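1. this one's structure only:
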């Protein structure tokens, strides 16, 4: 069976279990929240984890080290990724890891070039579709937007390079010349 395409270009749909997000009918969103999984390199195990009932967390997308982008929650729905910011944001997990997360000798797993590129294309498309500016008011880290999170280093602890990432998003956004309709419009 061929993969089911997600709502955004370059994404594949691997839907989370309905107990791990809230069904909604929102028309758009105000911000994009960047996360790191603090796990392994591949996106599929993360998406499969969200398919388990009552995991009580999710994000709209997960981006693997290889640049694979999986969509786990439809944009109209509310993913459980950033507490109070959930209802107004889209969450994007990145398969990267803070050093020592898996033990004292764990070197960590910094974001890869393919991952940055795939994520930048996704975020540029989301900003265009929702008519949002490409800036760090719109695009924020988990720890910045979620004051009650226990993930105080997310995404910086894994070596997230905001300057590089934002330039990639701006470059990708500039390539999108046609208006992109939001999927729920």
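-> Alright, I've got the coordinates. Nothing here was measured: the structure is a model prediction, and the numbers come from that model.

2. doesn't residue 30 make contact with residue 140?
-> No. If you go by Cβ atoms under 8 Å, residue 140 and residue 30 don't touch, sitting 10.6 Å apart. C-beta here means a position set from N, CA and C on the backbone, and glycine is covered the same way.

3. what lies in contact with the lowest-mean-pLDDT helix or strand in the chain?
-> When the helices and strands of the chain are scored by mean pLDDT, DSSP states H and E, helix 142-145 comes last with a mean of 93. Applying Cβ atoms under 8 Å, 6 or more residues apart in numbering, the external contacts of helix 142-145 come out as 31, 33-35, 81-82, 85, 89, 149, 151-156.

4. buried subset of the residues you listed?
-> 31, 33-35, 81-82, 85, 89, 149, 151, 153-156 (16 or more other Cβ atoms under 10 Å).

5. sorry, back to before: give me the more crowded residue out of residue 140 and residue 30.
-> The residue with more neighbours, out of residue 140 and residue 30, is residue 140; 20 against 13, by other Cβ atoms under 10 Å.

6. the helix or strand hosting the more buried one packs against which elements?
-> Element membership for residue 140, per DSSP states H and E: strand 139-141. Contacting strand 139-141 under the criterion 3 or more Cβ pairs under 8 Å, 6 or more residues apart in numbering; DSSP states H and E are the following elements: strand 31-36, helix 162-175.

7. what ranges do the helices span in this protein?
-> For the chain, helices defined by DSSP state H occupy the ranges 44-50, 113-130, 142-145, 162-175.

8. isn't residue 9 right up against residue 125?
-> Yes. At 6.1 Å, residue 9 and residue 125 qualify as touching, with contact defined as Cβ under 8 Å.

9. tell me which of the two has more neighbours.
-> Taking neighbours as other Cβ under 10 Å, residue 9 and residue 125 compare with residue 125 leading, 20 against 12.

10. is the spatially most central residue of the chain bridged to anything, and to what?
-> Most central in the chain under Cα atoms, centre = their mean is residue 92, positioned 0.7 Å from the mean C-alpha point. For residue 92, the beta-bridge partners under DSSP bridges are residue 34, residue 61.

11. show me what contacts it?
-> 32-35, 59-63, 119, 122-123.
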